[in-house]
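J.: take a look and give me a structure for this.
(one chain, ligands or ions: 1)
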Amino acid sequence: MKTPQHPDLGASLEQSRSGLRDTHRRSLMRALFLVTGSALVVFGCLQILNGYIWLATGEFIASLLLFFGGTRINRTPRLQVWIYSYLITGFSFALLIMLVPEASVSAFVWVLMMPVLAYLLLGKKEGFLLSAPFVAAGCVTYYFHLEFVADAGGMIDLLNMVLCAILMLGFIHLYETRREEAEHKLFTLAQTDALTGLANRANFQSTLARTLAESARSGAGFALVIMDIDHFKVVNDTMGHDAGDKVLQDIGQRLTERLRTTDAVGRLGGEEFGLILRDVKPEDSFELMDELRQRIAASELPYGEATIRVTASFGIAHYPDHATEVESLFRIADRCLFSGKRAGRNIVARAGLSAVKDQRAAGGPL
Ligand SMILES: Nc1nc2c(ncn2[C@@H]2O[C@H](COP(=O)(O)OP(=O)(O)OP(=O)(O)O)[C@@H](O)[C@H]2O)c(=O)[nH]1
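T.: I've put the predicted structure just below:
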């Protein structure tokens, strides 16, 4: 059986919580550091011409820090801290500039940029919590900038700003909510076998890799079981594909019903299923699978006027007794299954110590 390496899908979702993967967030941050750093150099020069030496000095220092940050952002393990530091400092700096009595009215356009950056870099919840107070503070500053709205023209100016800020925040929030929902739906679809509702092969392999890493830390063993329905082709050929589908759904349900919630079940493809039994000894996993085998053999699935009976064969490999790597565990369980099929089917076959010996003698996994 070919078992290609699959990325951990759970980790992928975690990394894309803001809509951008960590690598993209780093690239965006680097671009922001460079753009805002360069912009601050220009603004600093203009502030000198305006006579605001202290403001220009602050902008030059900030631009140096930003250029330095641009060289570090790709390597830092604390990306989230860097993002928060950048956004909070940047937003506060923008507010400070708006508070200057002679501030140009165009400085207030940055208020509208705040939610865009915060949502893009932090996601919906954290983006809202960070940007909403700054947007509100920007609107209040604008009110003071207009000198308390003395006439109708001032009121129009204020309402333009406030309405635009509210709409910007609202639209970005709505967009991010829909994007998260769509991503979640896609992610679930990409992980699930459509026919049985079980984990699909890629998802099962991610779970297996995670279980192995956890077991390596905790020292607890687990069993990998590969189960295959016997002579499934006959069901399809004699009763039709729809009957075959019903059998697959029924078997999938039986497997999940019988196992513990901490165990994992997945459809590896066709009529083949994978099971991970956590915290289990070799004798116990054999007994459990044999009970499952008997249940499947004894069950009758009504299909129209007919009744469908199937049997299944199982191959078991144990971590760490038989192998300590995903590939080797799969190969051993698969070979056990194959030997069970050759021995007449409706059998639970487990790797023995000889399997481990053979593997060592051959200088590699079985
Ligand atoms: N109904 C249905 N059939 C499927 C599906 N996926 C694979 N199959 C069928 O499963 C059958 C597998 O046949 P084989 O690989 O020969 O295996 P088998 O008949 O179970 O024989 P043994 O495994 O040797 O006992 C083929 O007929 C496939 O078309 C599916 O999603 N639905």
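J.: in the chain, which helix or strand is least confident?
T.: The weakest-scoring helix or strand in the chain, judged by mean pLDDT, DSSP states H and E, is helix 353-361 (a mean of 39).
J.: using the three-state scheme, assign the residue of the stretch 51-200 of the chain found nearest the ligand.
T.: At 5.4 Å from the ligand, residue 195 is the closest residue in the stretch 51-200 of the chain, using C-beta to the nearest ligand atom. In this view, the C-beta of every residue, glycine as well, is placed from N, C-alpha and C. Under the three-state scheme (DSSP: H, G, I helix; E, B strand; the rest coil), residue 195 adopts coil.
J.: mind listing what residue 270 touches?
T.: Residue 270 sits next to residue 232 when contact means C-beta atoms under 8 Å, 6 or more residues apart in numbering.
J.: scratch that, residue 33
T.: 66, 67, 69, 70, 73, 86 are the contacts of residue 33 under C-beta under 8 Å, 6+ apart.
J.: mind running it again at 10 Å?
T.: Taking C-beta atoms under 10 Å, 6 or more residues apart in numbering, we find residue 33 in contact with 63, 65, 66, 67, 68, 69, 70, 71, 72, 73, 82, 86.
J.: domain parsing of the chain, as residue ranges.
T.: Following automatic domain parsing, one finds the domains of the chain at 9-190, 201-361.
J.: how far does the shortest one sit from the chain's center?
T.: Taking the mean C-alpha point of domain 201-361 and that of its whole chain, the gap between them comes to 27 Å (C-alpha atoms, centre = their mean, to the nearest Å).
J.: check stretch 67-86 too.
T.: Distance, centroid of stretch 67-86 to centroid of chain: 22 Å (C-alpha atoms, centre = their mean).
J.: quick revisit: list the contacts for the residue of the stretch 51-200 of the chain closest to the ligand?
T.: Residue 195 neighbours (C-beta under 10 Å, 6+ apart): 244, 245, 246, 248, 249, 252, 267.
J.: tell me which helix or strand the residue nearest to residue 143 when sequence neighbours are not counted sits in.
T.: With sequence-adjacent residues excluded and distances taken as C-beta to C-beta, 6 or more residues apart in numbering, residue 143 is closest to residue 158, at 5.9 Å. With secondary structure defined by DSSP states H and E, residue 158 is part of helix 152-191.
J.: for that helix, name the packing helices and strands.
T.: The helices and strands touching helix 152-191, judged by 3 or more C-beta pairs under 10 Å, 6 or more residues apart in numbering; DSSP states H and E, are helix 9-15, helix 109-122, helix 124-145, helix 201-218.
J.: by mean pLDDT, show me the worst of these.
T.: For these, mean pLDDT drops lowest on helix 9-15, to a mean of 55.
J.: show the subsequent helix or strand relative to that one.
T.: For helix 9-15, the following helix or strand on the C-terminal side (DSSP H and E) is helix 22-50.
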